[in-house]
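Colleague: structural data only, the sequence is not supplied:
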């Protein structure tokens, strides 16, 4: 029963049902602590940490894991899962060197134990860190490796996220038309699974592509839908990204003051969750909006004075 409960908690997490996943994890931590089942106890602890990270409390999630006694070295699943989370959270906090080291350790352990789902999870985390470092070649390579594994396993999570990652790498390099089929495939998988946060995540990437080809109305529609889902779920990390994307639409429309307001909201949330990568990006956007405002004033001032 305990294993089934853990599977349910993890599924709730993947579906974006964060409150339900948190309650399930706490219930299982209490149950496994009393029964002495260290494997299920660690599985529940990892779900609890993932919920904290999803809610924008990544530093707290990392601190929670670091506060626990390490799992027994014979519990390979717990050892791999712990390294994946510590690596992923460290990467999200901009600590790339230790993050990559932890993830590569996890990959080696998972490979030796033939734990292919865990191996693909580690690939996903390392691929995203490479994305943050703007190493898009390495990032796409790992997303494709994840897709190869995911196509051999049951379930939607790995395949959907791998397809999303490939599309995201193409999108960020402004290969918008090439990115769309990958993102559309990911969207179909996430919708079929009723994974609302992942669906919203793909809406946002599709919105960037649509804005990139000049379809700002469609882009705004996609960003607004993504914003609403993440605001309701309390998923601050993605919510601040979607706010910045809405700001980009207003910047495209030359409504610089409104764009500035959205960027300022986004950077405030990024600082709140200690996301240094986003703080840097939204600060750049704020400076860009100010520069556009100054240029507009300089252009309009002679006409006003006349």
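Modeller: Thanks, I have the structure now. Remember, it's a predicted structure, so these values are computed and weren't measured experimentally.

Colleague: average model confidence for stretch 82-90?
Modeller: Averaging pLDDT along stretch 82-90 gives 98.

Colleague: quick one, phi psi at residue 70?
Modeller: Dihedral pair for residue 70: phi -60, psi 150, per degrees, to the nearest 10.

Colleague: distance of it relative to residue 170?
Modeller: Using C-beta to C-beta, to the nearest Å, residue 70 is found at 39 Å from residue 170. Where you see a C-beta, it was placed from the backbone N, CA and C, and this is true even at glycine.

Colleague: neighbour count: the two, which is higher?
Modeller: residue 170 (22 against 12; other C-beta atoms under 10 Å).

Colleague: sec struct for that one, please.
Modeller: Taken by DSSP: H, G, I helix; E, B strand; the rest coil, the conformation at residue 170 corresponds to helix.

Colleague: tell me the centre residue of this structure?
Modeller: Nearest to the geometric centre of the chain sits residue 238, at 6.7 Å (C-alpha atoms, centre = their mean).

Colleague: tell me the contacts of that one?
Modeller: By C-beta atoms under 8 Å, 6 or more residues apart in numbering, the contact set of residue 238 is 197, 200-201, 204, 226, 230.

Colleague: what about it, which SS state?
Modeller: Going by three-state DSSP: residue 238 is helix.

Colleague: please tell me how far it sits from residue 106.
Modeller: Plainly put, residue 238 is 24 Å away from residue 106 if you go by C-beta to C-beta.

Colleague: got it, and residue 252?
Modeller: From residue 252 across to residue 106, the span is 41 Å (C-beta to C-beta).

Colleague: between those two, which one's more packed in?
Modeller: A side-by-side neighbour count of residue 252 and residue 106, using other C-beta under 10 Å, places residue 106 first with 28 against 15.

Colleague: tell me the contacts of that one?
Modeller: Contacts of residue 106 by C-beta under 8 Å, 6+ apart are 80, 83-84, 87, 118, 122.

Colleague: list the ones among these that fall in helices.
Modeller: If you go by DSSP state H, the contacts of residue 106 have 80, 83-84, 87, 118, 122 in helices.

Colleague: can you select the buried ones from those in ChimeraX?
Modeller: Buried residues among these (16 or more other C-beta atoms under 10 Å), as a ChimeraX selection:
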select :80,83,84,87,118,122
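
Colleague: just flag the most distant two among the ones in helices among the contacts of residue 106.
Modeller: Of all pairs drawn from these, the greatest distance, 12.3 Å, lies between 87 and 118 (C-beta to C-beta).

Colleague: now for residue 133, how many residues are close by?
Modeller: Residue 133: 15 surrounding residues under other C-beta under 10 Å.

Colleague: and the pLDDT for it?
Modeller: For residue 133, the pLDDT comes out at 96.

Colleague: list phi and psi for the residue nearest to it when sequence neighbours are not counted.
Modeller: Leaving aside its sequence neighbours, residue 133 sits nearest to residue 96 (C-beta to C-beta, 6 or more residues apart in numbering; 6.1 Å). The phi/psi pair for residue 96 (degrees, to the nearest 10) reads phi -70, psi -40.

Colleague: residue 96: how many residues sit nearby?
Modeller: Using other C-beta under 10 Å, residue 96 has 16 neighbouring residues.

Colleague: contact partners for it?
Modeller: Taking C-beta under 8 Å, 6+ apart as the test, what residue 96 contacts is 90, 129, 132-133.

Colleague: how close does the residue nearest to residue 66 when sequence neighbours are not counted sit to residue 276?
Modeller: When the adjacent residues along the chain are set aside, residue 66 lies closest to residue 86, with 7.6 Å between them (C-beta to C-beta, 6+ apart). Computed with C-beta to C-beta, the distance linking residue 86 and residue 276 is 17 Å.

Colleague: cool, and residue 298?
Modeller: Residue 298 is 33 Å from residue 276, by C-beta to C-beta.

Colleague: which one's more surrounded, those two?
Modeller: Ranked by neighbour count (other C-beta under 10 Å), residue 298 and residue 276 place residue 276 first, with 14 against 9.

Colleague: ok, the more buried one - contacts?
Modeller: Each residue near residue 276 by C-beta under 8 Å, 6+ apart is listed here: 93-94.

Colleague: check what pLDDT it gets.
Modeller: 91.

Colleague: mind checking the end-to-end distance for stretch 150-159?
Modeller: 5 Å (C-alpha to C-alpha, to the nearest Å).
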